[in-house]
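S.K.: Next input, structure requested:
(2 chains)
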Amino acid sequence: MKLTLKIWRQEDANAKGKMVTYPIDGIEGDMSFLEMLDVLNEGLVAKGEEPVEFDHDCREGICGTCSLQINGEPHGPDRLVTTCQLHMRKFNDGDTIVIEPFRAKAFPVIKDLVVDRTSFDRIQQAGGYVSVNTSGNTIDANSIPVNKHDADESFNAATCIGCGACVAACKNASAMLFTSAKVSQYALLPQGQVEATERVQNMVRQMDLEGFGNCSNTGACEIECPKGISLENIARMNREYMSATSKG
Amino acid sequence: MGGLIKSSVAKKFAMALSGLFLVLFLAQHFTINITSVISPDLFNEFSHFMGTNFVVQAILQPVLIFGVVFHFVMGFILEAHNRSARAVSYVSYKGNANSSWMSRNMIYSGLVVLAFLGLHFYDFWVPELVHKYVESHPADATRYYEETVAKFESPVRTGLYVIAFIFLMLHLLHGFSSSFQSIGWNNKYSKGLRGFTVAYAIIIPLGFIFIALYHYINNL
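M.R.: A predicted model of the protein is given here:
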């Protein structure tokens, strides 16, 4: 497969970036998108050029490290997969592929296609946890009965891998799908009730402080999310937030 | 309280509530307007009541004006903030792969509706204020039908009304159902509710277009 890649190159966080065109040949349909970039980088290194920097880790679709805006969509044209699980058979011989970093003020570019997503970490640190006293008298979590529907919904919310595709897809660069998934995963469980009021308020406050946009319910985040996190979580977070605020 | 006012969730909640209020107002406005097609006397009677009733004039009208102003000012504030949240634009952004045109262009459909409101005020509200408070005419319960129908003699004005209501339809097709999501309503009834909101978003603007065209054709 012969392709033309148009890739965002940026020396560092302060440099002005630009799109650079790279022709590439010998790409197999069974390769993952990241393996295709590996081939490109091997060629660049062999020529003495700087390889294209991009984020990756598990390459199994579970760690949330890989990103990339591919032909205008986060994680590319396939659904419910991350970039590392996107196969080149989704493209055709002769295609031009535009590859950019996830764009948001809260996701500044570090280099080339690598962006700083620690804003998500700070939202998580603001309340995405359950405080448990583990000194001696810990109660087994399984001893507390949980409604099956709530357990399933909570689990679904917890499958969010925090990759940032929701922010990248949203025309407003809103992080509400991510934040709402992290709020929901605890809001639905009895263990999460103790800190429920502070959690949603603190996480929304941190989300706003990071400079993400507002949700305008376009639904783009849900469609592009590699884990299929539902918009129901955003509605739940809105309810939780207004309810928590009315309690003071 | 300061945190609540600054919060993105609270702003969207307020935006949704003001939108739902305006949707209710639209139904009331349409109900009165459609009587102009059915019976001029009935239309005059409703219009006279709305134009002279103390509760409508002194309480409901200011609330409505506040609702309209709040909705578009908050719309501009949210839009400005949303644009600043992505400082560098994508070279390639395939919005139509994951969202509707209506949902991505609420600011533009809203701006057309706002421009229409200017025309609508110029056509009806300003002359009504002049009639009542500047020229101080005595109350006349029979003048409304003729005054209204006369506005639709112009093909340009009628055309502008039709275009504005098409944009209102596009605005409502996303905005009405989106309001429920913003106030936290997303459950097993949402699918049925969405059907209702889509039907409403199409029928009400089409009804207004029908009224404008009916009077234009009648004037020929």
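
S.K.: Okay, buried residues for the lengthiest helix in chain A please.
M.R.: As assigned by DSSP state H, the longest helix anywhere in chain A is helix A:232-247. Using 16 or more other Cβ atoms under 10 Å in any protein chain shown as the test for burial, helix A:232-247 gives A:232-242, A:244-245. Using the backbone N, CA and C atoms, a C-beta is placed for each residue, glycine as well.

S.K.: Turn those into TSV, including distance to B:Ile107 and pLDDT.
M.R.: Below are the buried residues of helix A:232-247 laid out as TSV (distance: Cβ to Cβ, whole Å; pLDDT from 0 to 100):
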residue	distance to B:Ile107	pLDDT
A:Glu232	26	96
A:Asn233	25	98
A:Ile234	20	98
A:Ala235	23	97
A:Arg236	27	97
A:Met237	24	98
A:Asn238	21	97
A:Arg239	26	96
A:Glu240	28	96
A:Tyr241	24	97
A:Met242	25	95
A:Ala244	30	95
A:Thr245	27	92
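
S.K.: Determine which two of the residues you listed are furthest apart.
M.R.: Within the buried residues of helix A:232-247, two members stand farthest from each other by Cβ to Cβ: A:Glu232 and A:Thr245, at 20.4 Å.

S.K.: three-state assignment of residue 179?
M.R.: In the absence of a named chain, this looks at chain A. Three-state call for A:Thr179 (DSSP: H, G, I helix; E, B strand; the rest coil): helix.

S.K.: wait, doesn't A:Asn41 sit right on A:Glu50?
M.R.: No: between A:Asn41 and A:Glu50 there is no contact under Cβ atoms under 8 Å: 9.3 Å.

S.K.: and these two? which has more neighbours close in?
M.R.: Taking neighbours as other Cβ atoms under 10 Å in any protein chain shown, A:Asn41 and A:Glu50 compare with A:Asn41 leading, 16 against 12.

S.K.: hmm, who's touching the host helix or strand of the more buried one?
M.R.: Element membership for A:Asn41, per DSSP states H and E: helix A:33-46. Residues from elsewhere that reach helix A:33-46 (Cβ atoms under 8 Å, 6 or more residues apart in numbering or on different chains): A:3, A:5, A:22, A:24, A:26-27, A:31, A:50-52, A:54, A:56, A:59, A:66, A:68, A:70, A:76, A:83-84, A:86-88, A:99.

S.K.: quick check: mean pLDDT across it?
M.R.: Mean pLDDT, computed over helix A:33-46, is 98.

S.K.: So for that helix, what gets flagged as buried?
M.R.: Buried, per 16+ other Cβ under 10 Å, within helix A:33-46: A:33-41, A:43.

S.K.: what distance separates the helix or strand that that helix is followed by from the centre of its chain?
M.R.: The first helix or strand that comes after helix A:33-46 along the chain, using DSSP H and E, is strand A:69-70. Relative to its parent chain, strand A:69-70 has a centroid offset of 13 Å by Cα atoms, centre = their mean, to the nearest Å.

S.K.: ditto for stretch A:86-96
M.R.: 23 Å.

S.K.: ends of it, how far apart?
M.R.: 16 Å (Cα to Cα, to the nearest Å).

S.K.: Backbone torsions only: list them for the residue sitting furthest away from the middle of chain B.
M.R.: Most distant from the centre of chain B: B:Val91, at 34.9 Å, with distances by Cα atoms, centre = their mean. In terms of degrees, to the nearest 10, the main-chain angles of B:Val91 are phi -70, psi -40.

S.K.: mind listing the strands in chain A by residue range?
M.R.: A:3-9, A:18-24, A:69-70, A:73-74, A:96-100, A:109-111, A:114-115 (DSSP state E).

S.K.: Of all these, which one is nearest chain B?
M.R.: strand A:96-100 (4.2 Å; Cβ to the nearest Cβ).

S.K.: Pull up the pairing partners for the closest one, direction included.
M.R.: Applying DSSP bridges to the sheet, strand A:96-100 is found paired with strand A:3-9 (parallel), strand A:69-70 (antiparallel).

S.K.: how many degrees apart are the first one and strand A:18-24 in direction?
M.R.: Taking axes from the mean of the first three to the mean of the last three Cα atoms, to 10 degrees, one finds that strand A:3-9 is oriented at 150 degrees with respect to strand A:18-24.

S.K.: Can I get strand A:3-9 as CSV, trimmed to CA atoms?
M.R.: What follows is strand A:3-9, C-alpha atoms only, in CSV (Å, rounded to 0.1, in the frame of the first residue of the first chain):
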residue,chain,number,x,y,z
LEU,A,3,0.2,6.4,1.0
THR,A,4,0.9,10.1,1.4
LEU,A,5,1.1,11.3,5.1
LYS,A,6,0.6,14.9,6.1
ILE,A,7,1.8,15.1,9.6
TRP,A,8,2.0,18.0,12.1
ARG,A,9,5.6,18.6,13.1
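
S.K.: So for it, what gets flagged as buried?
M.R.: Quick answer for strand A:3-9 (16+ other Cβ under 10 Å): A:3, A:5-9.

S.K.: looking at this, B:Asn96 is in a strand?
M.R.: No: residue state for B:Asn96 (three-state DSSP) corresponds to helix; a strand is not indicated.

S.K.: okay, now it: neighbour count?
M.R.: Going by other Cβ under 10 Å, the residues that sit close to B:Asn96 add up to 10.

S.K.: measure it to B:Pro40 for me?
M.R.: When Cβ to Cβ, to the nearest Å is the yardstick, B:Asn96 and B:Pro40 sit 46 Å from each other.

S.K.: just A:Asp208 next, same as before
M.R.: 54 Å.

S.K.: Neighbour count: these two, which is higher?
M.R.: The neighbour comparison of A:Asp208 against B:Pro40 (other Cβ under 10 Å) goes to A:Asp208, with 21 against 16.

S.K.: neighbours around the closest residue to that one other than its chain neighbours, how many?
M.R.: Leaving out its chain neighbours, the residue that sits closest to A:Asp208 by Cβ to Cβ, 6 or more residues apart in numbering or on different chains is B:Ser8, at 5.2 Å. By other Cβ under 10 Å, the residues close to B:Ser8 number 24.

S.K.: Quick check, pLDDT for residue 148.
M.R.: All of this is about chain A. On the pLDDT scale, A:Lys148 gets 96.

S.K.: Hmm, no, I was thinking of chain B.
M.R.: For B:Thr148, the predicted pLDDT is 94.

S.K.: So for stretch B:116-124, what gets flagged as buried?
M.R.: For stretch B:116-124, by 16+ other Cβ under 10 Å, it's B:116, B:120, B:123.

S.K.: Now for the second one: which residues touch it?
M.R.: Applying Cβ under 8 Å, 6+ apart to B:His120 gives no contacts.

S.K.: what are the phi and psi values for it?
M.R.: Main-chain dihedrals, B:His120, degrees, to the nearest 10: phi -60, psi -40.
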